[in-house]
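In: Please work out how this folds:
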Amino acid sequence: QLQLVESGGGLVQAGGSLRLSCVVSGGTFSSYTMGWFRQAPGKEREFVASINGGSSTKYADSVKGRFTISRDNAKNTVHLQMNSLTPEDTAVYYCAARRGYILVTGDDYAYWGQGTHVTVSS
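Out: Sure, this is the predicted structure:
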């Protein structure tokens, strides 16, 4: 059973940066497409970014140019570098994994972490 553990959330001022990490265990990490999703209070979960085993990436339009997803297959870790943060980025951020190609719908991801909180103050 794949296990995902996120870290790196916290409180940051608008314009600041955070780097989220997700460590994966219990499977062959390089064979999974990894995704980051987020859920703001009172809103539905939304796709943020995804990276496949070959390091091809896809981003939501709202974060394109500000966020960067990357993976380190040697360390079974996926990162989300978040720059130029705004209060609209405040949410719980979830790491997710699936076998196969990049998809942007959360229901297509079988494995999830517990989430890490990101709060951006104005």
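In: Just the pLDDT at residue 1, thanks.
Out: With respect to pLDDT, residue 1 scores 89.
In: ok, the closest residue to it other than its chain neighbours to residue 3 distance?
Out: Residue nearest to residue 1 in three dimensions, not counting chain neighbours: residue 26, with 5.4 Å by C-beta to C-beta, 6 or more residues apart in numbering. Quick note: C-beta positions are derived from backbone N, CA and C, even for glycine. Residue 26 is 5 Å from residue 3, where distance means C-beta to C-beta, to the nearest Å.
In: The two - which one has more neighbours?
Out: residue 3 (14 against 11; other C-beta atoms under 10 Å).
In: Bridge partners for that one, pull those for me.
Out: Residue 3 has these beta-bridge partners by DSSP bridges: residue 25.
In: Also residue 20?
Out: With DSSP bridges as the criterion, residue 20 is bridged to residue 80.
In: thought it was touching residue 5?
Out: No - contact criterion C-beta atoms under 8 Å: residue 20 and residue 5 do not qualify, at 11.3 Å.
In: Report the separation between the residue nearest to residue 1 and residue 7.
Out: Distance from residue 26 to residue 7, by C-beta to C-beta: 17 Å.
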